[in-house]
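1. My questions are about this predicted structure, shown below with the sequence.
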Amino acid sequence: MSLDELTHIENVKSWTSGVEVEWAAAQQLRNLAALPILAGHIAVMPDVHLGKGATVGSVIATRAAIIPAAVGVDIGCGMAAVRTQLQARELPDSLHGLRSRIEAAVPVGLGMHAKPVDPIRDGRFGLALANTGKKLTERFAQLKILDVLGDADEPRLHRQLGTLGGGNHFIELCVDEQQEVWLMLHSGSRYIGKTIGEAAIYMARDVAEREERRLADRDLAWLDEGSDEFERYVEALRWAQDYAAHNRALMLLAVAKAVNAEFGREVAVTQSAVSCHHNYASAEEHFGQQVWVTRKGAVSARRGELGIIPGSMGAKSYIVRGKGHEDSYCSCSHGAGRRLSRGAAKRAFTVGDLARQTEGVECRKDVGVLDEIPGAYKDIDAVMAAQRELVEIVHTLKQVMCIKG
C-alpha cells in the first residue's frame, strides 16, 4: 500500500514515508478509526503491521475507555539496555562461552526457574529489587480480576520472574558507534500477563454482546471507565506492567552478573539502564483533554525522554531521545516491525539464509528461530528515517551476540 492511500484514512496520522504498509494493516486502521470512543486521531508508527484487533505500531487515544485487545496479551512488554565499561577490543574472538553463561543464568523460551524466585530472601537481587518484588506480591493478592481468572497459577508467576520467553524476545550484546559494549534485552509479563490480557478481552467481548455494540472486529470491544470490568482490568493492567518491568530488571541484573563473571571484574552497571514499555496503556493529557493512550508496539517519546528501538537479530538498534511530537502522542516506533508473518518467513527462507543474514553474530542459526530471520523484518534504516520528526538518535548499536528462546 502506498503512503498516499494510508494518509487518506480518516482520523489517521502516519509516519510511514518510504516504508511498506500491508493492506490488512490498513484495513485494521480503518476499523480502529471508526470507533466512537476515539479521542482524536490514530498515530501510526513506521513499524506498523497486522496485529490482533489493532495494528502493531499504533498509538490510540480513547475517551474514558480502553480496548484490551489493543493493549494485547504481553502486557508491559518492553526493553532495557545498559552501557558497560567494556570496549569492543576486549571481547573474545568467540562469544559462545559468554552466551552459554547467560543462557545458564536466564531461562529462555518455555523455560522457567526450578523454584519460585523470592527477591525478598535472595541476596542476589539487592534491597531495591527485593522491595519491589514484595510490593508486587502483596498487590497481586489483592487484584479484583482474580475472581475472573480463577486459578492464576501463582507459583508459575514467581518461577517466571527473571525469564526471557520466546518469539521476538531476546538478550543481546551490542557495540555502539564509539566501540563501547552494551547489554540489551526485550521481554514482557510472561504467562501472567497473557492470562490477564485474555481475561480482559473476553470481558470486553461480553460487554459488547450484552450492549449490542456493532463492531467490525470483536477484538475492538472496549471497557468503559467506571464499570466494574474496567476497574478490574486497569488495576491488573498496572500490576502487570510493573511485573514486566521488574522481570526485565531481574534479568538485566542476572545478565550483568554473568558478564562480570566472564570477565572477572565488574563491567556492567545496571543503575544507569534505559528502560521502556511498548505494549501498554496509561492515562495522559493530550490536546487539552485527559485520555487513555494505548501504545501497541510503540514507545513513549516525550521531549528529552530516552527510549530503545531495536532492529532484528542481524541489524542495528538505537538508543533514542524523544522530541515530544504531539501529533504522535509523544511516541515513536518500538522496533523495525515485521514485513512477513512467522509462517510466511518460514516458507520464504532457509536455515542457510539465516546463517548468511546473521553472519558475525553469535546466535542460534537453526530452524527454531527461522521466523525471526532479519529478512522477515522491515529495513530499520527506513523505519528510522520515517520518524525523524519523533526522535533523535543518541547511540547506534550493532549486535554481536543474540540469545532467543
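-> Structure received.

2. ok, so what distance separates Arg99 from Ala249?
-> For Arg99, the distance to Ala249 (CB to CB, to the nearest Å) stands at 21 Å. (Glycine included, C-beta is placed from N, CA and C.)

3. repeat for Gly133
-> For Gly133, the distance to Ala249 equals 10 Å [CB to CB].

4. longest single helix anywhere in the chain?
-> In the chain, assigned by DSSP state H, the helix with the most residues is helix 228-263.

5. For whatever helix or strand comes next after that one, name the packing helices and strands.
-> Using DSSP states H and E, the helix or strand that follows helix 228-263 in sequence is strand 274-277. In terms of contacts (3 or more CB pairs under 8 Å, 6 or more residues apart in numbering; DSSP states H and E), strand 274-277 is packed against strand 78-87, helix 228-263, strand 298-300, strand 306-309.

6. pLDDT on the next helix-or-strand element following strand 274-277, on average?
-> The helix or strand immediately downstream of strand 274-277 is strand 279-286, counting by DSSP H and E. Across strand 279-286, pLDDT averages out at 98.

7. and strand 279-286, what does it pack onto?
-> Packing partners of strand 279-286 (3+ CB pairs under 8 Å, 6+ apart): helix 68-71, helix 228-263, strand 289-296.

8. Please work out which of these is packed deepest.
-> Compared across the helices and strands packed on strand 279-286, helix 68-71 shows the largest average neighbour count, a mean of 28 (mean count of other CB atoms under 10 Å).

9. pLDDT value on Arg121, please?
-> Arg121 carries a pLDDT score of 64 in this model.

10. quick one: low-confidence parts of the stretch 1-150 of the chain?
-> By pLDDT under 70, the weakly predicted segments of the stretch 1-150 of the chain are 1-8, 119-127.

11. can you give me the strands for it?
-> 12-14, 38-49, 56-62, 65-66, 78-87 (DSSP state E, counting those that start in this stretch).

12. Put together a markdown table for the ones you listed, with distance to His278 on each row.
-> Output for the strands of the stretch 1-150 of the chain, formatted as a markdown table (distance: least, CB to CB, whole Å):
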| stretch | distance to His278 |
| --- | --- |
| strand 12-14 | 18 |
| strand 38-49 | 10 |
| strand 56-62 | 9 |
| strand 65-66 | 17 |
| strand 78-87 | 5 |
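
13. I'd like to know which of the ones you listed is closest to Phe287.
-> When these are compared by CB to CB, strand 38-49 sits nearest Phe287, at 6.3 Å.

14. That closest one packs against which elements?
-> Counting by 3+ CB pairs under 8 Å, 6+ apart, the packing neighbours recorded for strand 38-49 are strand 12-14, helix 23-33, strand 56-62, strand 289-296, strand 331-333, helix 380-386.
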